[in-house]
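Student: following is a predicted model, sequence given first.
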Amino acid sequence: MTRQLTERPPAATGPAATAPAAPRRAGWSGRKRRDFFVFLALALPNLVLIAVFTYLPLFNNIYYSTLDWTLGSASATVVGFDNYISFFSSADAAKVLGTTAVFTLVTVGGSMVLGLLVALALNSKVRGTTFARSAVFAPYVLSGVGVGLVWLFIFDPGYGVLAWLLRGIGQQSPQWINDPQLSLVMVIIVYVWKNLGYCAVVYLAGLQSLPQDVMEAASLDGANGFRRFLSMSVPLLSPTTFFLLITTLISSLQAFDLIRIMTPLGNGTSTLIYEAYLQAFGAFNRAGYSASISVVLFAILLIITVLQLRFVERKVHYS
Amino acid sequence: MALNLDRRHFLGLAGAGAGAAALAACGGPSTAGSPAASGAAEIDFSGVKPAASIDFWTNHPGKSQDVEKAMIEKFQAKFPDIKVNLVTAGANYEEIAQKFQTSQAAKSGLPGLVVLSDVWWFRYYTNGNIIPLDGLIKQLDIKVDDFQKSLVADYKYADKQWALPYGRSTPLFYYNKDHFKASGLPDRAPRTWQEFGEWAPKLKASSGAQYAYIYPALAGYAGWTLQNNLWGWSGSWSDGWTFNCDSTESVAALQWAQDSIFKDKWAGVSSKEAADDFAAGITSSTISSTGSLLGVLKSAKFNVGVGFLPGGPKNESAVCPTGGAGLGIPSGVSKEVQLAAAMFLKFMTEPENTAAFSAATGYMPTRTSADMTAVLAATPQIKTAMDQLAATRVQDNARVFLPGADQEMAKAAAKILTQQGDVKATMTELKATLEGIYTKDVKPKLKS
């Protein structure tokens, strides 16, 4: 898609270009007008929904980020950029941005690398792959709340399954839930477990659509399995990798349910989105401050998406 | 696809964006004046007729859903013109507060009566979310003098009563009688933590439990129960509005707690709910709310003992904080709803109902005239909680009046009790955080 900011519509091409220029409103008669109303009838409901449920909250949030507003209070004070200054000048900013970066990089990298390995395994022609594919994908469709609760039981240092196994070999369970550093590890493990099925299935589809003639040609040329994977499959999978990179990055930056259920205090696990929640709804009720954190997250997502579209996509081989 | 965007369309889009921004500015809070606390003027309820229907928002403290339903049925039998809708508005005090605050922001869907905890009611007051009950207390002849004085006083501010006690609790010391007996220890709670420090190694060696004592879960209410340790050492989170959590006494108290885990190795920290860990036999003792009493007695497969909270080297008594929840009436509903809610509040806190609530949950009866004979015959342990009430102390301002302070205290406790962080440095950091919250969020709203 290209965009042109012009004074006049671009000149027409083809046979019609030789005809004398028609008056501007003439195009609104007849079929064009009917087409426009059809367009309106089809597009307007969606445009209204998007405006009301996406853009209005977005503008609302930007406006709230300029207020010193305690959630629940009927009044607020306009403070301009104070909330942004407070956030970036607080010790929490580095901590929250660091946690967000670690969580996002490890979960995106972990889900994609493990997903690709699982996809390679599922792509092999052995018995039970249909069941294995379903089993691998199942966690992705489960509720994050349910997954979080079950894994909390597994990680519980008192009577969890993991603690029981560790006691069997004479070891004490680490404090997965109370220790902030281990809490982050715990949430990352569960997030990757839940989401790698998605990456695996998308990669599997990518692997199965690779051109077999090219792979066979490489094989005839003497390339072994690893070489074919590295030099043929990985580059040919780049559209899949690019798609997964965008979708998993965005969903990781928006991860909420597992963090909320497994570490309600957000101690060590407070990513940008969870910090925004904690500040407004957790205990502090700082709605304006929370809105400014949400705007920061929005800006980060926007920048990442634009950078991906502009630079990463150039490396993608679509054929 | 080519998108031709000429100046006319561009300006149109820009106008639409500006319009949306202007529309956004129309919603949300008013920016015309400074925030006002509740109750600028007394509300006149004369001539007001109670509403036909009200919502009661509760988190069913102490698994009280059944007893709450039963009380509502009794209320509706007595006042058939008022329907009470029991709404589960959260699983704990924080969730119910979240729903309440969100409804305030949305300016819709508010209940007639709401459960509000010790750390939330003051925030509702400063935000102007609740009404003073004084006028309704007078009009409905609610016998405030018959309530436990200290529990009623918890909700007094600026000479007005902002809530009345409902599911009120204190922490209790729970111990496994069988473990104590097997270790040759007396069948009672320790008088001081020093005494328990002498018992603990024996207890751990002979009981087979993972811990002699488990500290309550930090994600729960660590700031609440750790006041016991701090007060025993003559420390505190705060003294009035002076934040002294980094004092020598406070640091010594938490250093002792840290040593019990890392040096002496007889204590642990609960990950979810200390009462459940205790009932499961993971630990020989713990501290948990009186509201957990009935649940522990039901699920524990051993003899459960309860006692007063242990004192410390400086203070042996008055080391137990009060806690739990009260009932308040929102300011954002009609007078009719407020009146009906007050009638229901009066009914819920009547002596026979507070006794029934206590029997079902283990929470303390809030009325002095409540006949507890049958309740104590069935659950004699509740008597310990009732007796301990006389030895309670009002909670530190830092914990109950500062928004988010409980969470900050829990984070500091996590650093000390699970990461073996430096106690003095952690408490100094916490002090700075608490002072920041006070200066920004509380001080401007206090009555001078």
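Tutor: Noted; the coordinates are in hand.

Student: now B:L116, what's its secondary structure?
Tutor: strand (DSSP: H, G, I helix; E, B strand; the rest coil).

Student: any low-confidence regions in the stretch 1-150 of chain B?
Tutor: Screening the stretch 1-150 of chain B residue by residue with the criterion pLDDT under 70, one finds the ranges B:1-27, B:33-41.

Student: how about the helices of it, start to end?
Tutor: Counting by DSSP state H, counting those that start in this stretch, the stretch 1-150 of chain B has helices at residues B:7-26, B:65-78, B:93-106, B:121-126, B:134-139, B:149-153.

Student: so which bits of the stretch 251-400 of chain B are right by chain A?
Tutor: The stretch 251-400 of chain B has residues B:268-272, B:277, B:280, B:282 near chain A, with proximity defined as Cβ under 8 Å from any Cβ of the partner chain. Every residue, glycine included, has its C-beta placed from N, CA and C.

Student: 7 Å instead, please
Tutor: Residues of the stretch 251-400 of chain B found near chain A, taking Cβ under 7 Å from any Cβ of the partner chain as the criterion, are B:269, B:271-272, B:277, B:280, B:282.

Student: tell me the one of those nearest B:W162?
Tutor: B:K272 (32.0 Å; Cβ to Cβ).

Student: from memory the closest one sits against B:A217, does it?
Tutor: Yes - using Cβ atoms under 7 Å as the test, B:K272 is close enough to B:A217 to be in contact (5.5 Å).

Student: give me the more crowded residue out of these two.
Tutor: Legend: neighbour count by other Cβ atoms under 10 Å in any protein chain shown for B:K272 and B:A217, higher for B:A217 (23 against 17).

Student: name the SS class of that one, please.
Tutor: Applying three-state DSSP to B:A217 yields a three-state assignment of coil.

Student: gap between it and B:A91?
Tutor: B:A217 sits 14 Å away from B:A91 when distances are taken as Cβ to Cβ, to the nearest Å.

Student: hey, where'd the strands end up in chain A?
Tutor: Listed in chain order, the strands found in chain A under DSSP state E are A:2-6, A:67-68, A:77-78.

Student: got a markdown table for the residues of the stretch 251-400 of chain B next to chain A, with pLDDT too?
Tutor: Listed next are these as a markdown table, based on pLDDT from 0 to 100:
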| residue | pLDDT |
| --- | --- |
| B:V269 | 94 |
| B:S271 | 90 |
| B:K272 | 86 |
| B:D277 | 94 |
| B:A280 | 93 |
| B:I282 | 93 |
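
Student: right, and the pair among those with maximum separation?
Tutor: B:V269 and B:A280 (15.3 Å).

Student: with neighbour numbers in mind, choose between these two.
Tutor: Between B:V269 and B:A280, counted using other Cβ under 10 Å, the more crowded position is B:V269 (26 against 15).

Student: tell me how far that one lies from B:G235.
Tutor: Separation of B:V269 from B:G235 (Cβ to Cβ) stands at 20 Å.

Student: what's the answer for A:G268, then?
Tutor: In terms of Cβ to Cβ, A:G268 sits 26 Å off from B:G235.

Student: and these two? Which one has more around it.
Tutor: In this view A:G268 and B:G235 are compared by other Cβ under 10 Å, and B:G235 has more residues nearby, 27 against 21.

Student: confidence score at the more buried one?
Tutor: Reading off the confidence values, B:G235 has pLDDT 97.

Student: next up, identify which helix or strand the residue nearest to it when sequence neighbours are not counted is on.
Tutor: Once its chain neighbours are removed from consideration, B:G235 has its nearest residue in B:S250; the separation is 3.1 Å (Cβ to Cβ, 6 or more residues apart in numbering or on different chains). B:S250 belongs to helix B:248-262 when elements are defined using DSSP states H and E.

Student: got the phi and psi for B:S271?
Tutor: Geometry field for B:S271 lists phi and psi as phi -90, psi -30, criterion degrees, to the nearest 10.

Student: what about it, how many residues close to it?
Tutor: When neighbours are defined as other Cβ under 10 Å, B:S271 has 26 of them.

Student: do you know how far it is from A:F36?
Tutor: Taken as Cβ to Cβ, the spacing of B:S271 relative to A:F36 amounts to 62 Å.

Student: now do A:L245
Tutor: 39 Å.

Student: these two: which is more packed in?
Tutor: When neighbours are counted by other Cβ under 10 Å, A:L245 comes out ahead of the other of A:L245 and A:F36, with 18 against 12.

Student: ok, that one - contacts?
Tutor: Contact criterion Cβ atoms under 7 Å, 6 or more residues apart in numbering or on different chains gives A:308, A:312 as the residues in contact with A:L245.

Student: go with 10 Å
Tutor: Contact analysis of A:L245 by Cβ atoms under 10 Å, 6 or more residues apart in numbering or on different chains lists A:108-109, A:112, A:238, A:304, A:308, A:312, A:316.

Student: show the pLDDT at it.
Tutor: Listed pLDDT for A:L245 reads 92.

Student: quick check: pLDDT value at A:R314.
Tutor: At A:R314, the pLDDT value in this model is 68.

Student: wait, B:T286
Tutor: The predicted structure scores B:T286 at 97 on the pLDDT scale.

Student: in three-state terms, label it for me.
Tutor: Following three-state DSSP, the label given to B:T286 is strand.

Student: quick check: it vs chain A, distance?
Tutor: Between B:T286 and chain A the distance is 11 Å, computed by Cβ to the nearest Cβ, to the nearest Å.

Student: tell me, how many residues neighbour that residue?
Tutor: Burial measure for B:T286: 30 neighbouring residues, criterion other Cβ under 10 Å.

Student: skip the chain neighbours and tell me the closest residue to the residue in the stretch 151-300 of chain B positioned nearest to chain A.
Tutor: For the stretch 151-300 of chain B, the residue closest to chain A is B:S271, as judged by Cβ to the nearest Cβ, at 4.0 Å. Spatial nearest neighbour of B:S271, excluding adjacent residues (Cβ to Cβ, 6+ apart): A:I177 at 4.0 Å.

Student: list the contacts for that neighbour?
Tutor: Taking Cβ under 10 Å, 6+ apart, we find A:I177 in contact with A:152, A:155-158, A:160, A:183, A:186, A:262-263, A:265, A:267, B:217-219, B:269-272, B:414, B:418.

Student: of those residues, buried ones?
Tutor: With neighbours counted by 16 or more other Cβ atoms under 10 Å in any protein chain shown, these contain buried members at A:152, A:155-158, A:160, A:183, A:186, A:262-263, A:265, A:267, B:217-219, B:269-272, B:414, B:418.

Student: can you pull the residues of the stretch 201-319 of chain A lying near chain B?
Tutor: Of all the residues in the stretch 201-319 of chain A, those in contact range of chain B (Cβ under 10 Å from any Cβ of the partner chain) are A:263-268, A:277-289, A:291.

Student: please flag which of those sit within helices.
Tutor: Taking DSSP state H, the ones among those that sit in helices are A:277, A:287-289, A:291.

Student: report the longest helix in chain A, please.
Tutor: helix A:91-122.

Student: which strand residues bridge B:T283?
Tutor: For B:T283, the beta-bridge partners under DSSP bridges are B:Y211.

Student: please verify my assumption that it contacts B:G208.
Tutor: No - under the contact definition of Cβ atoms under 10 Å, B:T283 does not touch B:G208, with a separation of 11.3 Å.
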